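J.: structure, please.
(chains A and B)
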Protein chains: 2
Amino acid sequence: MGKSTVQLANPPSIEGFACTVGKKEGEGPLASSFDYIGKDPYWGEKNWEAAESAMLKQAFDMALNKAGTAPSDVNYVFAGDLLNQSIGAVFGLRESEIPYYGIFGACSTMAQGLALAAMSIDGGFADTVAAAASSHFCTAERQFRFPLEYGGQRTPAAQWTVTGAGAALLKSQGEGPYITHITTGIMVDYGIVDASNMGAAMAPAAYDTLSTHFADTGFQPSDYDLTVTGDLGAIGQSVVLDFFKQDGLDLSSNYNDCGLMIYAREQKDINAGGSGCGCSAAVLCGHILPAIKAGRWKRVLFAGTGALMSATSSQQGNSIPGICHAVTISAVK
Amino acid sequence: MGKSTVQLANPPSIEGFACTVGKKEGEGPLASSFDYIGKDPYWGEKNWEAAESAMLKQAFDMALNKAGTAPSDVNYVFAGDLLNQSIGAVFGLRESEIPYYGIFGACSTMAQGLALAAMSIDGGFADTVAAAASSHFCTAERQFRFPLEYGGQRTPAAQWTVTGAGAALLKSQGEGPYITHITTGIMVDYGIVDASNMGAAMAPAAYDTLSTHFADTGFQPSDYDLTVTGDLGAIGQSVVLDFFKQDGLDLSSNYNDCGLMIYAREQKDINAGGSGCGCSAAVLCGHILPAIKAGRWKRVLFAGTGALMSATSSQQGNSIPGICHAVTISAVK
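T.: Next up is the predicted model:
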């Protein structure tokens, strides 16, 4: 199966999933997909960071409820976000009393969480494991870019950080969708230094992981109803399509990107598309998993993409390593 | 085995381990244990963050060399640090081309990495997996506290962030030491808001995980040659001892803390002891693993402890959730 891909002997079932998003996401093309659309960016809390934690907790609680599972029956939770020291996940899950593994894969966090959750179950260490991720436009802007009050202009390549959270609950047995394969990504850095062009920074990693996945598994892109990256946006997506075209592979008919799916291009200030851990998490839990469950898609390759940079690393002139973890989600084992 | 503890069916062997530390750590009681003691806080790099990455890479490369393993033979690496978006690990391992899972457990990161690495091998997903963690006094001070140039006074409860990194390479087969049990911690928050007293914030989590471990496994503290937390410092350690005393258990004879082991109490400005992901990572790889390998200890309970806070969460008045992950390391399977 190749060094980077594993096939799960007993594919875990995603038994519960839920997402919650903000107002702007609730005005986009997937509006009807989301479990909850918040109108208040503060989520009734004192500050945006607390709002992000509340969102994550809300999605998490809904996912458990849908699966009819109490927190005390969850063996592990893998969770993370974009905030320094992952305080979105930490304060969202602080009271859960569930054994907690903090993860950081930038915007690939949800895919990483699914991968590790699935491995912990298939490996025989757990029966019930959750994965969750979140992002919030306001917390991300003030941490990575400018104070919102500054009203900074955004470049055309910039992506809009999704206000949203998603959570999935995996069990060893169930009706599916199932996680059948995992391709773990390496860091790939093509020297992009523009922190307003993260799609270009992540695209080579997405290409690397996807092509590794196809080589390792023998799957063709056409074996998937959808290959979905999350979240490269318009520029990154076009780079990935170009790379595959050079390999003689036309991915365009069944390839999409969570950053392009969550907003309409005419929505204000979206520029190159959506981003943030909450982007792929919400698109997965609100749109992709329900479509598989409903029988509309049989097999989807969910490829979370992350830009592994910080404000400090960019200020110090470093380029931006990208990463991509891909998870095969299938209606059948 | 209880909800939070797993026993590994085929305990992975720690085949290579190495650590690198700074000048102050090299003047402490474990000086002779470390593989490399750097005199230059910049590690020959342009800034402290790059120095931290260089340290982590150095420890990582040494661990692989000792195990006679090429990077291309490593299936996964689990790594992290204290820096925003984990740039210590990211830039240290960027060129490794090893499938990378970023983790964040604050100062418990090394224990978390060992746990996940061991599970990925025992679960049958990998043969060779690395775990690594780092911290640097100068990067931590300027990120979490004050600019060093400010010369801020440190409270008696404060701990000194270790400049150091550790890395371990696990394989499915080998001579040991072996990882035999893993107890994954929940977040525990007793309402400590003083970011200069992280030992007190982490101690309840350490107590929770250790007592869960003893209950789940049936091990007594006396079954271990050493139970070692990392890194509670003097205050946190005394809290843990008090908690166990209330349970009628005297842990004092074979219990220690990495934060107390790495420095001599008379070293300047150490105050309550050492801390940082690099503290337990360096004590593990420089002192504990060699002692097991040499036959001096048969079984050690390595319990990494983390304070899950950020500068933002503390400024916003949040208390500090603690976490502790415990890993049994044994000379025999």
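J.: now the strands for chain A?
T.: Remark: strands assigned in chain A by DSSP state E are A:5-7, A:13-21, A:36-37, A:76-81, A:100-102, A:128-135, A:160-161, A:164-171, A:178-183, A:226-230, A:255-257, A:274-275, A:299-307, A:322-330.
J.: what is the last one packed up against?
T.: Contacts of strand A:322-330 with other secondary structure elements, assessed using 3 or more Cβ pairs under 8 Å, 6 or more residues apart in numbering or on different chains; DSSP states H and E, are made with helix A:109-122, strand A:178-183, helix A:198-217, helix A:289-293, strand A:299-307. Just so you know, the C-beta spots here come from the backbone N, C-alpha and C atoms, and that holds for glycine as well.
J.: so what's the nearest residue in space to A:Lys46 that is not next to it in sequence up against?
T.: If the residues on either side of it in the chain are set aside, A:Lys46 comes closest to B:Gln316, at 7.4 Å by Cβ to Cβ, 6 or more residues apart in numbering or on different chains. By Cβ atoms under 8 Å, 6 or more residues apart in numbering or on different chains, the contact list for B:Gln316 reads A:Lys46, A:Asn47, A:Glu49, A:Ala50.
J.: hmm, A:Ala282 and A:Cys19 touching each other?
T.: Yes - A:Cys19 is within contact range of A:Ala282, at 4.1 Å (criterion: Cβ atoms under 8 Å).
J.: what about the two, which has more around it?
T.: Between A:Cys19 and A:Ala282, counted using other Cβ atoms under 10 Å in any protein chain shown, A:Ala282 has the larger neighbour count: 37 against 32.
J.: the more buried one against A:Met261, yeah?
T.: No - contact between A:Ala282 and A:Met261 fails when scored by Cβ under 8 Å: they sit 9.9 Å apart.
J.: ok, now which ones touch A:Gly38?
T.: With contacts defined as Cβ under 8 Å, 6+ apart, the neighbours of A:Gly38 are A:Thr20, A:Val21, A:Gly22, A:Lys23, A:Gly26, A:Met55, A:Thr163.
J.: from those residues, which is closest to chain B?
T.: Nearest to chain B among those: A:Met55, at 16.0 Å, using Cβ to the nearest Cβ.
J.: report the separation between the residue in the stretch 51-200 of chain A positioned nearest to chain B and B:Phe104.
T.: Nearest residue of the stretch 51-200 of chain A to chain B: A:Gly123, at 2.2 Å (Cβ to the nearest Cβ). Noted for A:Gly123: a distance of 22 Å to B:Phe104, by Cβ to Cβ, to the nearest Å.
J.: who has more neighbours, these two?
T.: Legend: neighbour count by other Cβ under 10 Å for A:Gly123 and B:Phe104, higher for B:Phe104 (28 against 22).
J.: show me whatever sits in contact with both of A:Cys19 and A:Ala282.
T.: With contacts taken as Cβ under 8 Å, 6+ apart, A:Cys19 and A:Ala282 have A:Phe34, A:Gly164, A:Ala165, A:Gly166 as neighbours in common.
J.: list only those of the residues you listed flagged as buried.
T.: If you count burial by 16 or more other Cβ atoms under 10 Å in any protein chain shown, the buried members of the shared contacts of A:Cys19 and A:Ala282 come out as A:Phe34, A:Gly164, A:Ala165, A:Gly166.
J.: and the two most separated of those residues?
T.: Greatest spatial distance in these: A:Phe34 and A:Ala165, 10.4 Å, computed using Cβ to Cβ.
J.: overlap in contacts of the two?
T.: Common neighbours of A:Phe34 and A:Ala165 are listed as A:Cys19, A:Thr20, A:Val21, A:Ala282 (criterion: Cβ under 8 Å, 6+ apart).
J.: need these in TSV (columns: distance to chain B and pLDDT).
T.: Output for the shared contacts of A:Phe34 and A:Ala165, formatted as TSV (distance: Cβ to the nearest Cβ, whole Å; pLDDT from 0 to 100):
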residue	distance to chain B	pLDDT
A:Cys19	22	98
A:Thr20	21	98
A:Val21	23	98
A:Ala282	21	98
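J.: quick one: which two of these are the most distant?
T.: A:Thr20 and A:Ala282 (7.6 Å).
J.: pull up the overlap in contacts between the two.
T.: Residues touching both A:Thr20 and A:Ala282 (Cβ under 8 Å, 6+ apart): A:Phe34, A:Gly164, A:Ala165.
J.: since that was my last question, I'll sign off now.
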